[in-house]
Every structure is written in structure tokens, then in C-alpha cells.
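Asker: from the sequence below, what's the structure:
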Amino acid sequence: MGVGSENPMSTSVHNGGCKEEIEFTLKPSLSSEVVVPDDGDRATSGRETWSRRLEFILASVGYAVGLGNVWRFPYLCYRSGGGAFLLPYLIMLFLCGVPLLFMEYAIGQYTRLGPVHALAKICPLLKGVGLATVVISYVLSTYYNVLMTWTLYYLFNTFGNSLPWQSCNNTWNVLANCSTGFPGNSTHLQSASQQFFDRRLLEMTPGIEELGGLRWELFGLLILAWAIVYLCIFKGVKSTGKVVYFTATFPYFILFALLINNVQLPGAKDGILYFLTPVWGKLLEVQVWVNAAAQIFNSIGVSFGSMISMASYNKFNNNILRDTWIVCLANSATSLLAGIVIFSAIGYMAHIHNLPVDNIATDGPGLVFVVYPEVLSTMPLSQLWAALFFLMLLCLGLDSQFAMVEVVVTFIMDGFGPKVLRVVKRKEFVVLIVCGVGFLLGIPHITQGGIYVFQLMDHYTAVVSLMFLAFFEVLATCWIFGVGRLSCLVERMLGKPPNIFFRFCWMVASPLLVLCILVSSVIQYTPARYGKTYSYPTWAEVLGWFISLVSIVWIPLGAVHELSAHEGSLLQRLKQSIIPTLELDMVHHLPEKAQADSPEAVCLVGPPNGSPSGREANGL
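Answerer: Below you'll find the model as predicted:
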């Protein structure tokens with residue numbers, strides 16, 4: 001892009017279908033080319049960055065690869081057609097997962113802001129979407145860390161003389177209905193591992209109506225879980241970037257070790273075949289396609305704000321396209337690997353108990369806290385494998401937890417940093433407060449009826465709210481901000497515009513698929529349940545919808561606030577509210593030396609037709 005050396009000039013730049021008016025005002029002493037920061041440049045705001053590109057990739061992979069890869073994907077795969085499920089899964093991965101993650105990376109890296117302020121600049125009318133993503137991430141983090149608490153409890157219990165869920169000879173067992181193996185179709189029997197989970201870990205009450213008292217052991221472990229999170233992120237990306245070298249890579253060593261061990265067990269082949277055998281007729285069911293899309297969103301972490309937040313700490317010209325493919329492919333490969341590991345072990349259990357695989361496999365936390373512990377207890381060196389397995393789960397969960405807490409800290413520092421620091425003095429105290437409040441909000445989950453609270457929160461946060469947020473984020477970015485402008489941002493960072501595949505996905509495929517998922521989720525809505533028999537009372541269902549609205553409500557509130565800030569008729573206010581303000585800040589991406597030599601230097605992408613030009617908006 002050439003510019004004049006003496007006089008300001010306007011030129012049209014074609015960026016793969018993106019035609020924007022770009023104005024430059026530069027002194028003669030400046031280069032005749034508009035440049036963007038190289039790897040060594042930092043934003044003028046002094047925002048911290050990842051020490052190395054590898055740290056960002058590991059943090060992203062660690063966030064994307066979580067507990068859902070271990071329990072949700074294997075269950076969905078074999079329930080939704082086995083190997084046939086991989087077809088809709090891969091279609092959703094390439095048409096939604098990859099392009100939308102690339103979109104979020106581009107937003108975060110370009111703006112160097114968290115989701116709240118970045119999305120507010122992209123589409124002021126839907127600025128509430130950014131705040132909604134922060135809220136849903138924080139709500140999720142408050143009960144996600146409860147999973148870390150349970151994992152720590154199991155991990156510490158592997159260091160005894162024997163695994164406590166191995167037999168029925170414990171004080172918490174009910175001998176009349178306790179089975180040392182899987183009870184199969186016997187409805188009156190429970191496995192020893194199920195009784196350990198229900199009666200020892202949870203001390204479960206009959207329902208959410210009876211929360212009971214605190215589980216003090218879990219209370220202490222919840223403190224420990226939050227302390228671990230705090231110590232890993234209190235220095236920001238500088239400390240998180242070092243921790244992820246271990247937490248993001250260690251699970252793979254354990255998964256491969258378990259894979260080598262499990263495939264040699266008798267019956268393992270039957271379990272793997274049951275997991276992968278295609279049932280092509282399932283592809284005619286709409287729910288299978290919805291499940292595939294929902295798994296992509298939940299697993300990769302699109303619409304939680306965390307990917308935008310982590311990308312905001314990148315150098316301006318970091319190759320986010322490469323990072324997108326690495327994260328997406330690593331996440332899907334890990335899901336498939338975890339499925340083979342889990343079902344090879346389930347096949348082994350079906351073999352030794354002479355039961356169908358279907359009687360053993362289950363969904364949700366039960367797969368890793370009930371079924372797999374039972375499997376581990378029958379293996380040679382069972383205590384070693386159990387300790388390694390739960391340490392792996394801890395690492396998988398912590399990586400996801402880091403990102404969900406960091407997105408809240410990023411929001412606070414971006415929006416209120418100077419004011420907050422005047423009160424608490426250091427960012428470390430901000431992180432401590434965020435972790436402390438998260439701990440307090442997690443206490444209801446560690447009561448004796450806490451499992452019902454956990455299931456209610458998970459259903460209405462990770463299922464209901466997420467689809468609404470995903471749709472409005474895509475609407476704001478792809479259709480209102482526009483694929484043309486989005487392509488321009490990518491070209492400025494990477495030196496070339498996104499190819500036709502990404503532009504097609506952003507314009508057509510991704511928005512329409514997200515809309516279909518949202519509509520299907522509403523039409524096929526089912527109330528939350530725990531297990532196969534417990535239904536929540538009406539007041540709990542109302543509470544669940546309130547939990548869901550805690551994040552969604554910020555979208556209309558943000559729109560109302562933005563409309564009230566403008567004058568004129570409703571139509572005029574709407575037109576003003578969809579004009580992005582992002583372009584007015586592009587001056588911050590000039591090198592610091594260039595800005596010092598020429599304080600009035602600007603590089604502005606012109607706003608939509610009919611609105612003031614960039615120079616007019618800045619009073620130039």
C-alpha cells in the first residue's frame with residue numbers, strides 16, 4: 001500500500017472482496033508505507049504479551065482440551081451412531097469450529113482487548129454479548145472447579161493401602177444392594193464405585209429440596225483447588241504461560257500410556273468396535289447433528305470469551321491462522337484418542353462381567369468418577385494407574401479453568417484497571433478477589449445436595465445459554481460488522497486476506513448453522529434431570545432459567561443502553577448503533593516510533609456510507 005509523502009490522500013484498498021476507504025496523514029519524515037508492529041513491538045498501552053508463541057498455543061489447546069473430551073465426546077459418539085457420528089462432527093468442525101475460532105482470534109489479537117470491549121467496538125448495538133460471554137465463563141468456572149475438587153478427593157484416596165471403591169466392606173456401603181462389579185440390569189443393586197461416589201464423596205441427599213450440611217472435606221479441597229488456580233494465573237500470562245508447559249502436555253503422556261495398556265486387555269477390541277462401528281441410519285436424526293455442533297462449541301470454547309481474551313495478549317502479527325488449525329485438530333484428535341482409551345477399558349469390564357457394553361457406558365461425570373474408577377480397580381498396578389488418571393483429569397480441568405478465570409480478570413483490567421489499581425494497588429489482588437468470589441459461589445455445590453445444584457447449573461449454563469450467546473456473537477461479527485471489515489483486520493495482521501473458504505463460512509455457513517442449532521435447541525428443549533429417575537421441582541426449573549438469564553439478559557440491556565445514547569427516531573438510532581467504533585483506534589497499532597515522530601499520524605478504515613469519515617470523527 002503506497003501513500004504520498006507530502007499530501008494526505010485517500011485510496012481504495014481491495015482486500016479480497018473488502019473495499020474500504022483508507023486515509024493516511026503522514027509527515028514526510030515517515031516511511032511511505034503503512035506498517036504494523038513487528039513481533040518485538042508492544043501496544044502503546046503496555047499490555048503484556050505471551051513470552052513465546054508456543055505458550056499461547058499450549059494455553060489454547062489446554063483450554064479446548066478439557067474434561068468434555070474424556071466423558072462427553074465418547075458418550076455422544078457411540079450414542080449418536082458410532083463411527084457415523086464422525087461425519088456430522090467433522091462437518092461442524094470445519095464449517096463452524098475452525099472459522100469461528102479464527103474469527104475470535106482475529107478479534108482478540110487485533111483489538112488487544114477482552115471480549116467485552118472488543119465486541120463493543122465491533123458492534124455497539126450488541127455490546128452486551130461481550131459481557132454475556134464473561135458472565136457465562138465466570139458462572140461456569142464456579143462449578144467447574146467443583147470437578148477439580150472431586151478429582152483431588154479421588155487423587156488423595158489413591159494413596160491408601162487399597163482403592164476405597166474396590167469393595168463393599170466400607171462403612172459407607174449398604175451391603176444389601178452393593179455389588180463389587182457392575183450390577184448390569186439389576187435395578188436394586190449399585191456398584192461399589194457408585195456407592196463411593198454417592199455415599200462417601202457426596203453424601204447425597206434425596207433431592208435438591210434437601211441441601212443438607214457442608215461436606216467439610218470437600219470444603220477444604222475446594223479452597224485448595226482455587227489456591228492452585230490462583231497461584232498459576234496471579235502473574236497473568238507470564239505465569240500461566242509457564243504452567244501450561246506441564247498441564248497441557250502431561251495429559252497426553254497419560255492418555256498414550258493408558259492406550260497402550262488398555263488395548264492389550266481382553267475385550268478391549270469389542271469396546272473399541274462398539275465405539276466406532278457406524279450406524280448410518282442415525283444420520284437421519286436431527287438431534288445427532290445438533291449434538292455434533294454442540295460438542296464443537298463446548299469443546300473448542302467458542303462464545304465463552306476466553307479465546308478472545310487469550311488472543312488479546314498476542315503480538316499483533318502472530319499467525320493466528322496456523323494456531324487455529326493446530327488447536328482445532330489437536331482438540332478433535334484428543335477426543336478420538338480419549339474415546340478409544342475409555343471404550344477399550346469399558347470393553348474389558350464388559351468382558352470380565354459378561355455384560356453388554358451398553359450396560360456399562362454412561363454419560364457425564366459418572367463416566368470418570370464411577371465407571372472408570374471401577375475399571376482401574378481391576379487392572380494390574382491399579383493404584384498407580386488410578387493416581388495417574390486423576391492427575392491427568394486435574395491437568396485437563398485446570399487448563400480450562402485458567403482461561404475462564406482469566407477472561408474475568410481481563411475484563412476488569414481493560415475496563416476499570418486504573419480505578420481498581422488505585423484501591424487494591426496490584427493486579428495480583430484483583431486475581432485474588434476474583435478467585436475468592438468464585439470460591440464462595442461454589443460452596444452450594446459442596447453441600448450434601450450439591451450434585452443437584454451442579455447438574456442444574458450445567459444444564460442451563462452450558463446448554464441453554466451458550467447457543468443464544470453463540471448466535472448473537474456471530475450475528476454481531478459476521479453480519480453487522482461484516483465479512484469485508486473482518487477480512488481487512490485479518491489482512492492487516494497476516495499480510496493477506498482470508499481465503500474464500502473462511503469468507504463463505506463467516507457469511508453463510510456458520511451463521512445459518514448456529515441459527516439452526518439455536519432453533520433446534522429451543523424446539524427440543526427438555527427440563528434438567530439427574531440420573532434416570534430424579535426430576536427437578538418447578539421452583540428449581542425457574543431457578544435454572546434465572547441462571548440462564550444471568551448471562552443472556554446483558555444482550556438486550558446493552559442494546560437498550562446503546563440506543564438511549566443516540567438521538568433521533570428509532571431507525572436513526574439503530575443505524576448509528578451498528579456503526580463500529582473499532583476503526584477509530586487503529587492508530588494504536590502504528591509502531592511507537594512512528595507515533596512519536598508524527599503524533600497526528602492516523603490510519604483509519606472509513607466507516608459505513610452515510611456516516612462521518614474517520615478524519616471527521618476525530619476532528620481532523
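Asker: so where do the helices sit in the stretch 401-550 of the chain?
Answerer: Taking DSSP state H, counting those that start in this stretch as the criterion, the stretch 401-550 of the chain carries its helices at 427-442, 450-459, 466-474, 483-494, 500-504, 510-523, 538-552.
Asker: take the ones you listed and write them to CSV, including mean neighbour count and mean pLDDT.
Answerer: Just so you know, the C-beta spots here come from the backbone N, C-alpha and C atoms, and that holds for glycine as well. As requested, these are arranged in CSV below (neighbours: other CB atoms under 10 Å; pLDDT from 0 to 100):
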stretch, mean neighbour count, mean pLDDT
helix 427-442, 18, 94
helix 450-459, 23, 90
helix 466-474, 24, 88
helix 483-494, 22, 92
helix 500-504, 16, 95
helix 510-523, 17, 86
helix 538-552, 16, 91
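Asker: show me the shaky parts of the stretch 501-620 of the chain.
Answerer: 583-620 (pLDDT under 70).
Asker: repeat for the stretch 1-150 of the chain
Answerer: If you take pLDDT under 70 as the line, the stretch 1-150 of the chain has these spans: 1-46.
Asker: how about 80 then?
Answerer: For the stretch 1-150 of the chain, applying pLDDT under 80 flags the ranges 1-47, 78.
Asker: any figure for the gap between Cys178 and Ile208?
Answerer: Applying CB to CB, to the nearest Å, the value for Cys178 to Ile208 is 25 Å.
Asker: pretty sure Val98 sits against Ile326.
Answerer: No. Judged on CB atoms under 8 Å, Val98 makes no contact with Ile326 at a distance of 10.9 Å.
Asker: tell me which of those two has more neighbours.
Answerer: Val98 (23 against 15; other CB atoms under 10 Å).
Asker: distance check, the more buried one against Ile208.
Answerer: From Val98 across to Ile208, the span is 39 Å (CB to CB).
Asker: what do you get for Thr526?
Answerer: Distance check for Thr526 against Ile208: by CB to CB, it reads 17 Å.
Asker: okay, those two: which has more neighbours?
Answerer: Using other CB under 10 Å, the more surrounded residue of Thr526 and Ile208 is Ile208, with 23 against 7.
Asker: what does stretch 411-423 rub up against?
Answerer: Applying CB atoms under 8 Å, 6 or more residues apart in numbering, the contact partners of stretch 411-423 are Leu113, Gly114, Pro115, Val116, His117, Leu131, Val134, Ser309, Lys427, Val430, Val434.
Asker: count of neighbours near the fourth one?
Answerer: Meaning Val116. The burial count for Val116: 27, using other CB under 10 Å.
Asker: hmm, Leu131 and it touching each other?
Answerer: Yes. Taking CB under 8 Å as the definition, Val116 is a contact partner of Leu131 at 5.1 Å.
Asker: give me the number of residues near Tyr534?
Answerer: Tyr534: 14 neighbours (other CB under 10 Å).
Asker: which residues does it contact?
Answerer: Gly207, Tyr452.
Asker: go again with 10 Å.
Answerer: By CB atoms under 10 Å, 6 or more residues apart in numbering, the contact list for Tyr534 reads Pro206, Gly207, Ile208, Ile451, Tyr452, Gln455, Ala528.
Asker: try Asn173
Answerer: So Asn173 contacts Pro164, Trp165, Ser167, Thr180, Gln190, Ala192, Gln195, Phe196, Arg199, Arg200 (CB under 10 Å, 6+ apart).
Asker: once you drop chain neighbours, what's closest to the last one?
Answerer: Distances taken as CB to CB, 6 or more residues apart in numbering put Trp172 closest to Arg200, at 4.4 Å, once the chain neighbours are dropped.
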